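Asks: next input, structure requested:
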Amino acid sequence: MKTVKLRADDEFIKLGQALKKAGMEDSGVDAKYDIQNGLVKVNGETDTRRGRKLVDGDVVEYNGEQVKIEK
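Replies: Alright, predicted model coming up:
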């Protein structure tokens, strides 16, 4: 499982940004479409909100890969 670290000053990262930072998407546009099409899960549930705020401990799943958000 990959991890995405939050910046020291940040309490959250948006779902689309996390997909890009983890290298799961090449662009924000790709992330937007995949999220809107229901291909991304957060904590085991499909989420279609690109702006979903992810916090420490959240797990994102896309295309068979998982990423954990860490502070």
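Asks: who's in contact with the closest residue in space to Asn63 that isn't next to it in sequence?
Replies: Computed as Cβ to Cβ, 6 or more residues apart in numbering, the closest residue to Asn63 that is not its neighbour in sequence is Met24, at 6.7 Å. Just so you know, the C-beta spots here come from the backbone N, C-alpha and C atoms, and that holds for glycine as well. Taking Cβ atoms under 8 Å, 6 or more residues apart in numbering, we find Met24 in contact with Ala31, Tyr62, Asn63, Glu65, Val67.
Asks: likewise for Gly44?
Replies: Contacts for Gly44 (Cβ under 8 Å, 6+ apart) come out as Val59, Glu61.
Asks: quick one: the strands in the protein?
Replies: Counting by DSSP state E, the segments of the chain that form strands are 2-5, 13-14, 40-42, 45-46, 53-54, 59-62, 65-70.
Asks: quick one: distance of the fifth one to the chain centre.
Replies: Its chain's C-alpha centre lies 8 Å from the corresponding centre of strand 53-54 when counted by Cα atoms, centre = their mean, to the nearest Å.
Asks: what count of nearby residues applies to the residue found closest to Asp26 once you drop the neighbours it is linked to in the chain?
Replies: Of all residues not flanking Asp26 in the chain, Lys20 sits nearest, at 7.8 Å (Cβ to Cβ, 6+ apart). By the criterion of other Cβ atoms under 10 Å, Lys20 has 18 neighbours.
Asks: how far away is Lys20 from Gly57?
Replies: Distance from Lys20 to Gly57, counting by Cβ to Cβ, to the nearest Å: 20 Å.
Asks: same question for Asp30.
Replies: According to Cβ to Cβ, Asp30 stands 26 Å off from Gly57.
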